[in-house]
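> Sharing a model that was predicted from the sequence below.
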Amino acid sequence: MGKEDKKETILFVDDEISILEIAQEFFQHKGYRVFTAVNGVKALEILEKERIGCCFTDINMPEMDGLELAEHIRRMDNTLPVVVMTGYPSLENTIRTLKNGVVDFLIKPVNLNQMDLCVKRVLRERRLFVENLLLKEEVARKVQLESLNRDLEARVSELGILNRIMDAFTHVPESGDVFRRLVDMAREFCFASAAWFYVVNDLFPFPREVAAVSGMVPGAGGPDSGLSMLLQDVASDGLPFLLKNNPMDGSLPDNVGSAMVIPLKIREKVFGLLYAVREKSGGAFVDKDLYYASAMAVHAAHAIENLALYENIYENLFATLYAFVSAIEAKDAYTQQHSNRVADLSVLLGRELGLDAESLDVLLFAGRLHDIGKIGVRDEVLLKPGRLNDAEYEAIKEHPVIGAGIVSKLGLWNREQEIILYHHERYDGTGYPKGLSGKEIPFLARILSVADAYDAMASDRAYRRRMAEKDIFSVMQEVRGKQFDPEILDVFLRLGQDGRLA
């Protein structure tokens, strides 16, 4: 910005040229930039091009008088001060000038020093007015920004909670966990004093509680109690219910201040209800609490639907595969129920070894299907009453690979595949099909190999009678660390000594 731009600028408007010349010379000498115009129309042309600090105008002028000019200026920039100069003062003109936003009224002839004082005053007042206006705008922007920040923080917090709700129901192993997680989250995100989940089913006379997180008693009572009727109403109409204040009519316990009930649906059919309460000291539930609880209900319902679908697919696939195993075993009277016994023994041993529930399920599944690969072995080899020759034995040794291949084509159950593939590996590396040794053999496969060998020796075969249990234990002890993992075998033998294998 140049030095010229820093000067204050004054506009003088008068149809008397002599007054304009005197004012221009005087104020330029004082260091101001000065513009002059002979009427309002010319003045407006200057105002459109230049930044004017204040305007002095006569009232009576041709084309556009001073008061009309003042009104135009007020509409263009209400911070620009206008001072009226007139040789004909009147009450009417004074009132009109005030209405048009004029800041001062000077009577001609105007003393130049008086005009100089007026210029300094109105410019100072304008600066203060503009600064105050800018300050107010800054404060307003700050308030608006703070409000936007609060709204943004609230939205981010809301999205964070919704993401946590969604994640919580993404990987849930069974339906019971879904229900427990649902009531836990009602307490965490809705600040419920207590929460319950009820199953709705035509087989039950009224909703049945299956999960809860609370030290309070829900007070559901029988089918005619207030709470039970409320739950049945929500189950019937399928709409969430929010009670901000307990009406104290006996329908809810007296220590409950606020309550909400949210239905869970699968394909628009209500199958469950989330019931949450706050004690009187905890304040009332609000619409945001109902919003979060409804989001929980939607994701929990999806999780239940997905679990039901997966379990149905899983059960159908397993039933199909196990039918193959049963068909194989039905051909040989000596091996009937062998897979079931191996599965049960494996689970018993796994439980004694401290396996988690998921690993025990894997053992159960793999145990029942571990010989499914025998479906790919010719019957004359599989059902041969005597000992096998080398070629026949090589054919039998293919059944773990065939079995793992059958299961792998389903795209499921990787751990089960490993057990099926490696259950004939030996701890010393002389087994098949890969010749793995020691810890290279998957842990669950090492468990099943012990159970499989035990049941084989404990069962009749076409070429021999079943062995006595003490003889089986003696044989297994002899190959400890060779065929079997020594630690796993020790636990198995202890089970046998305790009489727990029967």
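That came through fine. Numbers count the residues shown, from 1 in each chain.
> Just the element for the residue most central in space within the chain, please.
For the chain, the residue nearest the mean C-alpha position is residue 163 (0.9 Å; CA atoms, centre = their mean). Assigned by DSSP states H and E, residue 163 falls within helix 112-168.
> Next: residue 343.
Going by DSSP H and E, residue 343 is in helix 338-352.
> what's the next secondary structure element after that helix?
Next element after helix 338-352 (DSSP H and E): helix 357-369.
> picking that back up, check which helices and strands the helix holding residue 163 sits against.
helix 17-29, strand 54-58, strand 104-107, helix 175-190, helix 287-330 (3 or more CB pairs under 8 Å, 6 or more residues apart in numbering; DSSP states H and E). C-betas here are computed from N, CA, C, even on glycine.
> Could I get the average pLDDT for the longest one?
Averaged across helix 287-330, pLDDT comes to 77.
> now swap in the first one and tell me
Looking at helix 17-29 alone, the average pLDDT works out to 93.
> Provide the strand pairings for the helix or strand following that helix, with the direction of each partner.
Sequence order places strand 33-37 as the next helix or strand after helix 17-29, per DSSP H and E. Strand 33-37 has these partner strands in its sheet, going by DSSP bridges: strand 9-13 (parallel).
> Run through who's touching the partner strand.
19-20, 23-24, 27, 32-40, 42-43, 46-47, 50-58, 61, 66, 69, 119 (CB atoms under 8 Å, 6 or more residues apart in numbering).
> and what of stretch 68-81?
Here stretch 68-81 has contacts from 13, 40, 43-44, 47, 52-55, 57, 64, 82, 84, 97, 100-104, 122-123, 125-126, 129-130, 133, using CB under 8 Å, 6+ apart.
> before we move on, back to that, name the helices or strands packed onto the helix holding residue 343?
helix 287-330, helix 357-369, helix 443-457, helix 486-497.
> Any idea which of those gets closest to residue 256?
helix 287-330 (14.5 Å; CB to CB).
> Filter the contacts of strand 9-13 down to the buried ones, PyMOL style.
The following PyMOL line selects those of those that are buried, judged by 16 or more other CB atoms under 10 Å:
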select buried, resi 19+20+23+24+27+32+33+34+35+36+37+38+39+40+42+43+46+47+52+53+54+55+56+57+58+61+66+69+119
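> same question for whichever strand or helix holds residue 70, mean pLDDT?
Using DSSP H and E, residue 70 maps to helix 66-76. Confidence over helix 66-76 (mean pLDDT, whole number) is 88.
> next one: stretch 143-159
According to the model, stretch 143-159 has a mean pLDDT of 85.
> Using neighbour counts, pick out the buried residues of that stretch.
Counting neighbours by 16+ other CB under 10 Å, one finds that stretch 143-159 has no buried residues.
> Quick one: distance of it to the chain centre.
18 Å (CA atoms, centre = their mean, to the nearest Å).
> got it, and stretch 58-69?
68 Å.
> do the same with stretch 27-39
Stretch 27-39 sits 68 Å away from the centroid of its parent chain (CA atoms, centre = their mean).
> What of stretch 128-144?
For stretch 128-144 - counting by CA atoms, centre = their mean - the centre lies 40 Å from the chain centre.
> which parts of it are buried?
Going by 16+ other CB under 10 Å, stretch 128-144 has no buried residues at all.
> Okay, domains of the chain per the record?
Here the domain parsing of the chain from automatic domain parsing is 3-134, 175-298, 331-497.
> Which pLDDT value does the model give residue 407?
80.
> Next, find the distance separating it from residue 497.
Going from residue 407 to residue 497 by CB to CB, to the nearest Å gives 35 Å.
> quick one, which of the two is more surrounded?
Between residue 407 and residue 497, counted using other CB atoms under 10 Å, residue 407 has the larger neighbour count: 24 against 11.
> shouldn't the more buried one be in contact with residue 365?
No. At 9.3 Å, residue 407 does not count as touching residue 365 under the criterion of CB atoms under 8 Å.
> How about the contacts made by the residue nearest to the centre of the chain?
So residue 163 contacts nothing (CB under 8 Å, 6+ apart).
> gap between it and residue 57?
65 Å.
> Likewise for residue 42?
For residue 42, the distance to residue 57 - CB to CB - is 11 Å.
> Next: residue 489.
Where residue 57 is concerned, residue 489 sits at a distance of 112 Å (CB to CB).
> Ignoring the adjacent residues along the chain, who's closest to residue 351?
residue 360 (6.3 Å; CB to CB, 6 or more residues apart in numbering).
> Can you give me every residue that contacts the one you found?
By CB under 8 Å, 6+ apart, residue 360 lies in contact with 347, 350, 351.
> The first one reaches residue 363, doesn't it?
Yes. Between residue 347 and residue 363 there is a contact at 5.4 Å, judged by CB under 8 Å.
> For residue 156, find the nearest of the domains of the chain.
Proximity to residue 156 (CB to CB) singles out domain 175-298 among these, at 14.5 Å.
> Tell me how far the closest one lies from the chain's centre.
Between the centre of domain 175-298 and the centre of its chain there are 22 Å (CA atoms, centre = their mean).
> Look at it and report the distance between its end residues.
Chord length of domain 175-298, first to last residue, is 14 Å (CA to CA, to the nearest Å).
> Including distance to residue 143, could the helices and strands packed on helix 338-352 go into CSV?
Output for the helices and strands packed on helix 338-352, formatted as CSV (distance: least, CB to CB, whole Å):
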stretch, distance to residue 143
helix 287-330, 24
helix 357-369, 55
helix 443-457, 64
helix 486-497, 71
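> pLDDT weak spots in the stretch 301-450 of the chain?
Across the stretch 301-450 of the chain, residues meeting the criterion (pLDDT under 70) sit at 309-318, 320, 322, 324-336, 409-413.
> And what about residue 198, helix, strand or coil?
strand (DSSP: H, G, I helix; E, B strand; the rest coil).
> Cool, thanks, talk later.
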